[in-house]
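Peer 1: Need a 3D model of the sequence below.
(chains A, B, C and D)
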Number of protein chains: 4
Amino acid sequence: MSTEPPEAGHGYIQSKDAYLARLRRIEGQARGLQRMVEEEKYCIDILTQVSAMTKALQAVALGLLEDHISHCVVNAAAAGDHAEAEAKIAEASNAIARLVRS
Amino acid sequence: MSTEPPEAGHGYIQSKDAYLARLRRIEGQARGLQRMVEEEKYCIDILTQVSAMTKALQAVALGLLEDHISHCVVNAAAAGDHAEAEAKIAEASNAIARLVRS
Amino acid sequence: MSTEPPEAGHGYIQSKDAYLARLRRIEGQARGLQRMVEEEKYCIDILTQVSAMTKALQAVALGLLEDHISHCVVNAAAAGDHAEAEAKIAEASNAIARLVRS
Amino acid sequence: MSTEPPEAGHGYIQSKDAYLARLRRIEGQARGLQRMVEEEKYCIDILTQVSAMTKALQAVALGLLEDHISHCVVNAAAAGDHAEAEAKIAEASNAIARLVRS
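Peer 2: Predicted coordinates:
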C-alpha cells in the first residue's frame, strides 16, 4: 500500500516514547468520554472534550508528518534519489490532504 | 461553566449504548496506534489511521450536536422559553466553531 | 433541493449588509492572492493568506449557521411544527458536517 | 517574516496560470455568494456554496504545499544544505498546521 522501504528506520522513532505517551493520554481521553456518557453529562461539555481530543490527535499527526518530511523525504533527496523523493512527497501530500479534510 | 439544567435528561441519552460502543471502538483505535508506533510501522500508515480515528471522533461529535439541537434547543423553543433557547443556541454555536476549527 | 419555505424571511436577512461587507472583503482576499501569484511571492506567504481567507469564510459560515438555528429551527419549534423543526435540524446538521469536513 | 531566498524561483511558478485560473474561479464564487445574500437565498443553500468555496481554497493550498515541498525543501536537501532544508520544513509544517486548524 505504502512505499515503505524494508530497512525503514522512520523519522519518528527517535521520539517513540514521546509519541507513545501522547497516544496513551489520548486513549485516556477516549475512556474519559465513555465515563461522561455513562454518567449522562451535558452534551456540550462532552463536545468540549471531543474537541480537545481531536486537537491532541491532530498534534500527533502534525508531528509525525514533520518527522516524515524531515527524514524520509530529505534522506531521499539528499541521496539524489529523485524518484524516491517524489514518491515520498506524493504520499505526504495525500496524508496532508486527508488531515485537512478530516 | 455550561448552562446545563439540573433536571437534565439530555438528548443523547436514548442512544447512550450506541455512543458508548463508538467510543470504545475509538479507544481501541488509540491502542492500535500505540501498537503501530511500538512496532515502528511506516509513518504514512500511522497517519492514515490517525485520520480514520479523527473522522470517527468527528462523527460522534456531529451526532451529539444534532441530538443537542433536536432536544435541548427545540425543547426550550417549544416551551416558549426564548432566553433559554438563545442560551442553548449560543452554546451549540460555540461547540460548532470549536469543531470546525479542530 | 432544500426545504426552503416559499415565504422565507431568512434569519440572516437582518444582518444582510454585514454579510455582504464580509463577502466583499473575502472577494478582495481572492484578488490579493492572484496578485501574490502574479508577482511570484513566496509560497509560504501565499499559504498564510489562504489560511486567513479560509478562516474568514468559515466565520461567515458559522454566523449563517447560528442565524439559521436561531430563526428557522426555533420558529418551527415555537410554532409546534415538529416535522418542520426536524427537517430544519437535519438540514443544519448536514451543513455542519460539510463544514467540519471542508 | 519568511525565509524566502532572494533569487526565489518558487515551485508553483511553472503552474502559475493554473493557479491564477483557480483563484479567479474562487473570486467568482465569492461574488456568487454576495449575489445569493443580495437575493436572500436560503441560508442552507448559501452554506453549501461556502463549503464548496472552502474546498476549492483548500485544494489550492494543498497544491501550493506539495509544490513547496517538491521544490524548496527538496532543492535544499539535494544541495546538502541541511540548515536550509530544516528551515523550509519548519515553515511547511507551520503552514500545514494552520491549514489543518483553519
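Peer 1: avg pLDDT for the helix or strand encompassing A:Ile26?
Peer 2: Under the criterion of DSSP states H and E, A:Ile26 resides in helix A:16-38. For helix A:16-38, the mean pLDDT works out to 97.
Peer 1: And stretch A:81-88, by the same measure?
Peer 2: Summarised as a single mean, pLDDT over stretch A:81-88 is 86.
Peer 1: and chain A, which residues reach chain C?
Peer 2: A:101-102 (CB under 8 Å from any CB of the partner chain). (Glycine included, C-beta is placed from N, CA and C.)
Peer 1: Chain A: helices as residue ranges?
Peer 2: Using DSSP state H, the helices of chain A run over residues A:16-38, A:43-68, A:74-78, A:82-101.
Peer 1: Nearest to C:Arg35 among the ones you listed would be which one?
Peer 2: helix A:82-101 (24.4 Å; CB to CB).
Peer 1: From the rest of the structure, what touches the closest one?
Peer 2: A:2-3, A:58, A:61-62, A:65, A:68-69, A:72-73, A:76-77, B:44, B:47-48, B:50-51, B:54, C:101-102, D:58, D:61-62, D:65-66, D:69-70, D:74, D:77, D:96, D:99-100 (CB atoms under 8 Å, 6 or more residues apart in numbering or on different chains).
Peer 1: Would you write a PyMOL line that selects the buried entries of those?
Peer 2: If you want just the buried ones from those in PyMOL, going by 16 or more other CB atoms under 10 Å in any protein chain shown, the selection is:
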select buried, (chain A and resi 58+61+62+65+68+69+72+73+76+77) or (chain B and resi 44+47+48+50+51+54) or (chain C and resi 101+102) or (chain D and resi 58+61+62+65+66+69+70+74+77+96+99+100)
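Peer 1: For the nearest residue to A:Arg24 once chain neighbours are set aside, give me its contacts.
Peer 2: Leaving aside its chain neighbours, A:Arg24 sits nearest to B:Gln34 (6.6 Å; criterion: CB to CB, 6 or more residues apart in numbering or on different chains). Residues in contact with B:Gln34 (CB under 8 Å, 6+ apart) are A:20, A:23-24, A:27.
Peer 1: Return the residues of chain A in contact with chain D.
Peer 2: Close to chain D, as judged by CB under 8 Å from any CB, chain A has residues A:58, A:61-62, A:65-66, A:69-70, A:73-74, A:77-78, A:80, A:85-86, A:89-90, A:92-93, A:96-97, A:99-101.
Peer 1: again, 7 Å this time
Peer 2: A:58, A:62, A:65-66, A:69-70, A:73-74, A:77-78, A:80, A:85, A:89, A:92-93, A:96-97, A:99-100 (CB under 7 Å from any CB of the partner chain).
Peer 1: on that earlier part again, can you check what angle separates the helix holding A:Ile26 from helix A:43-68?
Peer 2: Orientation note: helix A:16-38 sits at an angle of 160 degrees relative to helix A:43-68 (axes from the mean of the first three to the mean of the last three CA atoms, to 10 degrees).
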